[in-house]
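Chemist: here is a sequence with its predicted model. Questions after.
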Amino acid sequence: MKLNLLDRLDKLQAPLNVLVAVLIGFIIGTGLMLVEGHNIGEAYTALFNGAFSGRFNFGGTLERFVPLLLSGLAFAISSKASVFNVGVEGQLYFGAMAAAYFGYTIVGLPSFLHITLVLLLAGLAGALWALIPGFLRAAYRVNEVCTTIMLNYVAIYFTSYIVNHLFKNPHIGVPQTPNIQESARLARILMPSRANIGVYIALGIVLFFIWLMDYTTLGYKIKTVGLNPQFATYAGFQARSIMVGAMVLSGFIGGITGAIQVLGIHGYFLDNFSKSLGFDGIMVALLARNNLKVLPFVAFFLAALKSGAVGMERFTGIPRELIGIMEAVIILFAAAEAIIVIRRRLSYQKGGAEVV
Amino acid sequence: MEPIVKMTGIVKQFPNVLALKGVDFSVEKGEVHSLVGENGAGKSTLMNILYGVLQPDLGEIYVRGQKQVIHSVRDAMHLGIGMVHQEFMLAPSMTVVENIILGFEPNRRSVVDYDAAAEKIRALSEEYGLAIRPESRIIDNSVGEAQRVEIIKALYRGAEVLILDEPTAVLTPQETEDLFKVIRSLKEHGKTVIFISHKLQEVLAISDRITVMRDGRVQGTLLASEATKEKIATLMVGREVFLNIKAPEGKRGGVVLDVQGVSARGRRRLSDLKNVSFQVHAGEILGIAGVDGNGQSELVEVLTGLRRVDQGDIFVSGTKITNLPPGEIRERGVSHIPEDRNRSGLCAELTVAENLVATKLKRPPLSKNGVIRGQAVRELASRLVEEYDIRPGDYRIPTRNLSGGNRQKVVVAREVSEDAQLLIAAHPTRGVDIGSIEFIRSILIAQREEGKAILLVSADLEEVLSLSDRIAVMYEGRIVGILPASEANEQVLGLMMAGGEYAKAQGEEEKVVEA
Ligand SMILES: Nc1ncnc2c1ncn2[C@@H]1O[C@H](COP(=O)(O)OP(=O)(O)OP(=O)(O)O)[C@@H](O)[C@H]1O
Ligand SMILES: [Mg+2]
């Protein structure tokens, strides 16, 4: 018996949508290059080489891959519980600051222990910061999208104050903290790029959360609360605590994201260093439709685009912003549906006032 | 005369099941045509194909003699085909008017013309006797009201052929009567109605013709005037069905549920709980009868921790459970088949297995230290699927893909297998076919024999009468009387449900008998 083609396409719908979005992105990008009178073949070769050829370029891709992956994971985890953590950026700043502080002040530990400890403390800092919007949402139904966005600014300015006044490297003019101890540094791979073993740590964390969502009761509860809070409550789960829990987990990952940037890339906290790494995670999660197993691929794809854009700019003079436009187009098309889903969830939450 | 709708050789394959295996079905203009069959027989699927929601793999559809390919709901509407789904599809936080016009807003210079819409809706509602409150939000409506909204929505969009998929499953007898008046008036206006139901007496009462489906095939079409319940049931199930299982007298044990003077705010004034007291013993089924909306839903919610008690106390086996969260009440030995399986009872996106284990996942053997043991989950799921005959038998598919009755079986399987001391069953056989009604009722009785206490809420008087040991009648949030089943019958209960006291009701009944 033949399967109806439409039914079969239904399953492939989500990945198909993304592919179409990518295609449209490339078409528009190509169109712009043509209008500007660039050589397409040259441009794409440069783009590809910029992302993959040689240790330095490939390392550059990996370097961008790590924060995209982790902040994407952070956003995806909270979204699973229907909580939208737009505050990964802020949690990342707090995590980074904690990493810089404990990476510098803790002395004499073996490297493995020091790194583990710093990552945990940084995660904790992010988690505590995320607890505020989580608590406000659960206890007073304050919309977490608003609170997390606003708390981002608080986090950025607060850490900026710390690095400018309380914890500044006195020998350097720019606002940055003292260098962390050697024992806290993440070993570099693919020298001379700045890629480091943070890649493995990030992949390990993603694997852990895939396991958590599929094989633990906590993961089951998070999923259920996100899909149908009324059912979750009926089945005896504490929907509110689970939502807070998802937010805190998300903040924990956000904190670690910042820490890996400090321990692996910079070696210190630099004022305003992130420039929206945390926001990029939202688009990674949107493109992957919060599917944890798809996250690494999406993150890698976007990282390659970003890294390739730099190479392309250098060799062909095509401004990297063009790739930025391409990215924006892809996100726009791919996210349209995801946004509708989010809005439906939000209005559902309003409608089902008795739920939580 | 040409049939208004004719479907021939319809075949529909879902990834796991061949749902329709070559169905021929035709409907005459102006008739009420019933479609009956077991859960999963393919009724909803066939109608979804006619309504453009699903595409057939093979087969042809003729509307008014014209061959049609119905690609979408929009196509169906243009052909004058409307449908009220088994599981409603209304936006809960929008108003009745907004829901009706959604997607078909009358425009005036690209501004939605609410007044024109409201006017048209009022006219429709008067013409067919469909009482609705246009400005209320859907969540504040009862199921009966929501259903009338769905019907008006279909008419508003110009339906000539109206498909009603199990409309009465969620209705009280009174509401069903009202719906039948509407159907008759639709028929008088020359509309055609396709009516799906598992309740054979309804089917016999309202239809002109009846088509019986079984396992993706049509078994036959009968004239209602020549059909009997037995004939239909035998065609449907392939064997005889015994509905009126009357349990032997049970052995009543100690008090399990003790409700003492409970008051609580209700969804509306009439359903506020007012000083409700009663007890349920081990080995006993206490039935709650009443017209829907008289506090039964609120009572169940209060007992299961889903609604706050303002006054009074609730004890389960001597432990106070007043205002505990739902999870803790469950831990104290209460399980609950909720009245709304789609919103509360199931998570449609999760698999059948995940739904079956939801309430047991925290405990061994299903998990250990918070880690789920897949093997144990699969074992339990396959045992329950087998025991409760949930079809199709693959527990890895999303629950959304099950037919309505099979979803209900998932809920029943999960809650009964909790093995709790107290089982609260709200409309446990809603939407299931007669074979499964028989089965679920026998399970409730078996539970009682095992010494469980059961609180049964049902809009179906026949169900309450045939299962309960004692029957409590609710009216406007109060319990107006509790009587042993031996003294109850439909007349007595009917009078009490209208607010009469038990004693009074008895007196009046005698008068009725005398007269
Ligand atoms: N979207 C779907 N995907 C996969 N299988 C489906 C889907 N919808 C229905 N089915 C399957 O098709 C069969 C027919 O289902 P259908 O809903 O038509 O039954 P029904 O006669 O309406 O039953 P009920 O009386 O329980 O409502 C069932 O086995 C069901 O599990
Ligand atoms: Mg059905």
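Modeler: Alright, I've got the coordinates. Ligands and ions are numbered 1, 2, ... in the order given.

Chemist: A:L109 reaches A:V118, doesn't it?
Modeler: No. In this structure, A:L109 is not within contact of A:V118 by CB atoms under 8 Å, at 9.3 Å. (C-beta placed from N, C-alpha, C; glycine too.)

Chemist: those two: who's more crowded?
Modeler: Using other CB atoms under 10 Å in any protein chain shown as the criterion, A:L109 and A:V118 rank with A:V118 on top: 28 against 15.

Chemist: for the chain, give me the ranges with low pLDDT.
Modeler: Using chain A. Scanning chain A for pLDDT under 70 picks out A:1-14, A:337-356.

Chemist: um, chain B though
Modeler: In chain B, residues with pLDDT under 70: B:87-89, B:103-112, B:241-248, B:250, B:501-515.

Chemist: quick one: name the residues of it near ligand 1.
Modeler: B:14-17, B:19, B:37, B:39-45, B:86, B:391-392, B:401-406, B:433 (CB under 6 Å from any ligand atom).

Chemist: run the last query once more with 5 Å
Modeler: B:14, B:17, B:19, B:39-45, B:401-405 (CB under 5 Å from any ligand atom).

Chemist: for those, which one is nearest ligand 2?
Modeler: Set against ligand 2, the nearest of the residues of chain B next to ligand 1 by CB to the ion is B:S44 (3.1 Å).

Chemist: buried set for the helix or strand containing B:E127?
Modeler: Using DSSP states H and E, B:E127 falls within helix B:114-128. If you call a residue buried by 16 or more other CB atoms under 10 Å in any protein chain shown, then helix B:114-128 has these buried ones: B:Y114, B:A117, B:A118, B:K120, B:I121, B:L124, B:S125, B:Y128.

Chemist: same deal with stretch A:89-108?
Modeler: So for stretch A:89-108, counting by 16+ other CB under 10 Å, buried means A:89-104, A:106.

Chemist: can you check stretch A:191-207 too?
Modeler: For stretch A:191-207, using 16+ other CB under 10 Å, the buried residues are A:S193, A:R194, A:A195, A:N196, A:I197, A:G198, A:V199, A:I201, A:A202, A:I205, A:V206.

Chemist: so what touches it?
Modeler: The contact list for stretch A:191-207, computed with CB atoms under 8 Å, 6 or more residues apart in numbering or on different chains, reads A:55-60, A:62-63, A:65-66, A:69-70, A:73, A:119, A:186-189, A:253, A:256, A:260, A:263-265, A:292, A:295-296.

Chemist: tell me the span between the first and last residue of that stretch.
Modeler: 26 Å (CA to CA, to the nearest Å).

Chemist: and the gap between A:L128 and ligand 1?
Modeler: 44 Å (CB to the nearest ligand atom, to the nearest Å).

Chemist: burial measure for the residue nearest to that residue when sequence neighbours are not counted, as a count.
Modeler: Excluding its sequence neighbours, the residue lying closest to A:L128 (CB to CB, 6 or more residues apart in numbering or on different chains) is A:G251, at 7.4 Å. A total of 34 residues lie near A:G251 under the criterion other CB under 10 Å.

Chemist: A:G251 contacts A:Q91, correct?
Modeler: Yes. Contact criterion CB under 8 Å: A:G251 and A:Q91 qualify, at 4.4 Å.

Chemist: shared neighbours of the two, which are they?
Modeler: In contact with both A:G251 and A:Q91: A:A74, A:N85, A:G126, A:A127, A:W129, A:A130, using CB under 8 Å, 6+ apart.

Chemist: narrow the buried residues of stretch A:89-108 to those in strands?
Modeler: Secondary structure defined by DSSP state E assigns none of the buried residues of stretch A:89-108 to strands.

Chemist: narrow the residues you listed to those in helices?
Modeler: A:89-104 (DSSP state H).

Chemist: which phi and psi does residue 317 have?
Modeler: Looking at chain A here, since you left the chain open. phi 80, psi 0 (degrees, to the nearest 10).

Chemist: try B:R307
Modeler: phi -140, psi 140.

Chemist: what helices or strands is the helix or strand hosting A:K223 leaning on?
Modeler: Under the criterion of DSSP H and E, A:K223 resides in helix A:217-227. Packing partners of helix A:217-227 (3 or more CB pairs under 8 Å, 6 or more residues apart in numbering or on different chains; DSSP states H and E): helix A:54-80, helix A:198-215, helix A:229-234, helix A:239-260, strand B:371-372.

Chemist: so B:R430 sits against B:Q408, correct?
Modeler: Yes. Contact criterion CB under 8 Å: B:R430 and B:Q408 qualify, at 6.4 Å.

Chemist: now do the same contact list for the residue nearest to A:L128.
Modeler: A:A74, A:N85, A:G87, A:V88, A:Q91, A:G126, A:A127, A:L128, A:W129, A:A130, A:L131, A:G134.

Chemist: how is chain B carved up into domains?
Modeler: For chain B, automatic domain parsing gives the domain ranges B:5-237, B:245-333+B:421-515, B:343-419.

Chemist: turn those domains into CSV, including distance to A:R141.
Modeler: Formatted as CSV, the domains of chain B follow (distance: least, CB to CB, whole Å):
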stretch, distance to A:R141
domain B:5-237, 15
domain B:245-333+B:421-515, 17
domain B:343-419, 20
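
Chemist: which of those domains sits closest to A:V225?
Modeler: domain B:343-419 (9.7 Å; CB to CB).

Chemist: my guess is B:S466 contacts B:L444. True?
Modeler: No. In this structure, B:S466 is not within contact of B:L444 by CB under 8 Å, at 10.5 Å.

Chemist: those two: who's more crowded?
Modeler: Between B:S466 and B:L444, B:L444 has the larger neighbour count (other CB under 10 Å), namely 25 against 17.

Chemist: the strand or helix carrying the more buried one - contacts with which helices or strands?
Modeler: Here B:L444, judged by DSSP H and E, is contained in helix B:434-449. Other elements packing on helix B:434-449 under the criterion 3+ CB pairs under 8 Å, 6+ apart are helix B:229-237, strand B:284-289, helix B:404-416, strand B:422-426, strand B:453-457, helix B:461-467.

Chemist: helix or strand right after the last one?
Modeler: Pointing back at helix B:461-467 there. strand B:470-475.

Chemist: and that following strand, how far from the chain's centre?
Modeler: 21 Å (CA atoms, centre = their mean, to the nearest Å).

Chemist: pull up the pairing partners for that strand, direction included.
Modeler: strand B:284-289 (parallel), strand B:478-484 (antiparallel) (DSSP bridges).

Chemist: can you list contacts of that strand?
Modeler: Against strand B:470-475 from outside (CB under 8 Å, 6+ apart): B:278, B:284, B:286-291, B:294-296, B:299, B:464-465, B:479-485, B:488, B:493, B:496-499, B:502.

Chemist: again with stretch B:174-190
Modeler: Contacts for stretch B:174-190 (CB under 8 Å, 6+ apart): B:29-32, B:127-131, B:144, B:147-148, B:151, B:162, B:164, B:167-168, B:171, B:193, B:195, B:202, B:205-206, B:291-292.

Chemist: same question, stretch B:211-221
Modeler: So stretch B:211-221 is contacted by B:18-25, B:33-38, B:41-43, B:46, B:209-210, B:222, B:232, B:235-238 (CB under 8 Å, 6+ apart).

Chemist: flag every buried residue along that stretch.
Modeler: So stretch B:211-221, judged by 16+ other CB under 10 Å, has buried residues B:T211, B:V212, B:M213, B:R214, B:D215, B:G216, B:V218, B:Q219, B:T221.

Chemist: sorry, back to before: show the buried residues in the contacts of A:G251.
Modeler: Using 16+ other CB under 10 Å as the burial test, those include A:A74, A:N85, A:G87, A:V88, A:Q91, A:G126, A:A127, A:L128, A:W129, A:A130, A:G134 as buried.

Chemist: from ligand 2, how far out is the residue of the stretch 101-250 of chain A found nearest chain B?
Modeler: Taking CB to the nearest CB, chain B has its nearest neighbour within the stretch 101-250 of chain A at A:G236, 3.1 Å off. Separation of A:G236 from ligand 2 (CB to the ion, to the nearest Å) stands at 29 Å.

Chemist: tell me the contacts of B:I285?
Modeler: Per CB under 8 Å, 6+ apart, neighbours of B:I285: B:A247, B:G250, B:L444, B:I445, B:R448, B:I454, B:L455, B:L456, B:L467, B:S468, B:D469.
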